[in-house]
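Q: build me a model from this:
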Amino acid sequence: MSKLIIQGGHKLEGELSIHGAKNSALPILAATLMCKGESVIHNCPVLSDVDASIKILEYLGCKIKRDGSTISVDSSNIINSDIPENLMNEMRSSIIFLGSLISQCNKTSLSFPGGCELGPRPIDLHLSAFKKMGVSIIEEHGFLNCSRKAKLKGSKIALSFPSVGATENILLAAVTAKGNTIISNAAREPEIVDLAAFLIKCGAKIRGAGHDNIYIEGVNSLTPCEHRVIPDRIATSTFMSSAAITGGDIIIKDTFPNHLWTIFPIFEEVGCKLTLNKNSLRIKGNNQLKGASTIRTMPYPGFPTDLQAPIMSMCTIAKGTTIFVENIFESRYKHVCELNRLGAKICVEGKVAIVYGVDGLSGATVRCTDLRGGASLVVAGLVAEGDTEILDIKHIDRGYECIEDKLNSIGANIKRIETSEDIIIE
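A: All right, here's what the predicted structure looks like:
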């Protein structure tokens, strides 16, 4: 068990690089199951969620080699078609293996996935799409028992919501299905485009990734390839929030600013200055941030729900009031109580959170509630007076590669402490 201790009050200055996108690496690793042979994936971040994916691949029979941020997956000899409950429970994204497995195996069985508790995140869209493609699904005792009597068949699938996970799962199932598949109201995130780029390198026929409609022409099989994962846009934005809240001045390298254009106006509105280049950006904070206009989380290219928590932290010390409206997940304000423990003034009513800017925050012991909520506590701790002790940082490690090392390299003072004690916060 680990915790972070942050000594607040240090202005961030310097340069840092961004690791590969977690939300891109996970579906690409799942896709390697479909490529008989060795695929080489570069820029894979060192995260616990990636480790969980590797465990699943190894259980299924893949041979894995890792050298830093490069992972080689040899899927020549798949020996299992199920995923044990203990492996499924390690992360929510484990459901992404269903599309690959059912495309390659006549039957598969897996439990409902685990991960952050952000309220209901039903996988109905995944399952209804698979049923249209010829999959029989029986749900019993918390397990999904899936089978097919023939090759998956291409279908016209209209999503009622542009779900990222459903779009990815349908893509994985459709690329080797018989006939053509059209995904309408598809998710448009850069991670969808990256998955499609990997699959196309493997021989898939896909058009329209990144747009509302995606067209897939099924092929008989895929072959291995070499691919580099895109930079993590959520990590980039989290470090931008860290610079802004401390009044810092940092350069972020190895990132794609064109994936973040919808959030830049918020940083400019609160008083930051941005300089953008093709693969890097500079953000210069302000000694007195200003409150932002109403921020509404929306599917891409709208404001990402994954950034609601880190940017909320930035707004806690901004002069004025900022209103957040969470339109994606029902329970994504669990970090608010922890931020208020640090001295923030945030009120929540349903899907609306009102952030009243305060003069400053003060250190306290807080607990991570989920991945992005944990990141928000790190951002707040950077500016809080005194020491902030953050518990349950396993959530942070799911999506940020050695976050303390990254921030310490640009002037933060953060220590990771190993402890076997269970700490109770009164």
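Q: for Lys65, name its beta-bridge partners.
A: With beta bridges defined as DSSP bridges, Lys65 has these partners: Ser72.
Q: first-to-last residue distance for stretch 278-297?
A: For stretch 278-297, the first and last residues are 26 Å from each other (Cα to Cα, to the nearest Å).
Q: er, stretch 341-361 I mean
A: Here stretch 341-361 reaches across 9 Å from its first residue to its last, counting by Cα to Cα.
Q: how about residues contacting it?
A: Residues external to stretch 341-361 that are found in contact with it (Cβ atoms under 8 Å, 6 or more residues apart in numbering): 8, 289, 291, 312-313, 315-327, 330, 333, 336, 339-340, 362-366, 377, 380-381, 383-385, 388, 425. Every C-beta, even on glycine, is put in place using the N, C-alpha and C of the backbone.
Q: how about it: buried residues?
A: By neighbour count with 16 or more other Cβ atoms under 10 Å, stretch 341-361 contains the buried residues 341-344, 346, 348, 351, 353, 355, 357-358, 361.
Q: re earlier: let's see which of the contacts of stretch 341-361 end up in strands.
A: In this view, the contacts of stretch 341-361 that belong to strands under DSSP state E are 321-325, 365-366, 388.
Q: which two among those are spaced furthest apart?
A: Every pair in the ones in strands among the contacts of stretch 341-361 was compared (Cβ to Cβ); the two farthest apart turn out to be Val325 and Thr365, at 29.9 Å.
Q: quick one: residues contacting Ala129.
A: For Ala129, the residues meeting the contact criterion (Cβ under 8 Å, 6+ apart) are 155, 157, 159, 166, 169-170, 173.
Q: 10 Å instead?
A: Contact criterion Cβ atoms under 10 Å, 6 or more residues apart in numbering gives 99, 135, 155, 157-159, 163, 166-167, 169-170, 173-174, 181, 183 as the residues in contact with Ala129.
Q: show me which of these are buried.
A: When neighbours are counted using 16+ other Cβ under 10 Å, the contacts of Ala129 contain these buried positions: 99, 135, 155, 157, 159, 163, 166-167, 169-170, 173-174, 181, 183.
Q: now, those that are in helices?
A: Residues from the buried ones among the contacts of Ala129 lying in helices, with DSSP state H as the criterion: 99, 166-167, 169-170, 173-174.
Q: and which of those residues is nearest Ala187?
A: Compare each of these with Ala187 using Cβ to Cβ and the shortest gap goes to Thr167, at 4.1 Å.
Q: domains in this protein, as residue ranges please.
A: 2-19+231-418, 22-228 (automatic domain parsing).
Q: and the ones you listed, which one's lowest on average pLDDT?
A: Among these, domain 22-228 carries the lowest mean pLDDT, at a mean of 93.
Q: thinking again about what came up before, can I get the ones in helices among the buried ones among the contacts of Ala129 in JSON lines with distance to Ile79?
A: Converted to JSON lines, those look like this (distance: Cβ to Cβ, whole Å):
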{"residue": "Gly99", "distance to Ile79": "19"}
{"residue": "Ala166", "distance to Ile79": "28"}
{"residue": "Thr167", "distance to Ile79": "29"}
{"residue": "Asn169", "distance to Ile79": "23"}
{"residue": "Ile170", "distance to Ile79": "26"}
{"residue": "Ala173", "distance to Ile79": "21"}
{"residue": "Ala174", "distance to Ile79": "25"}
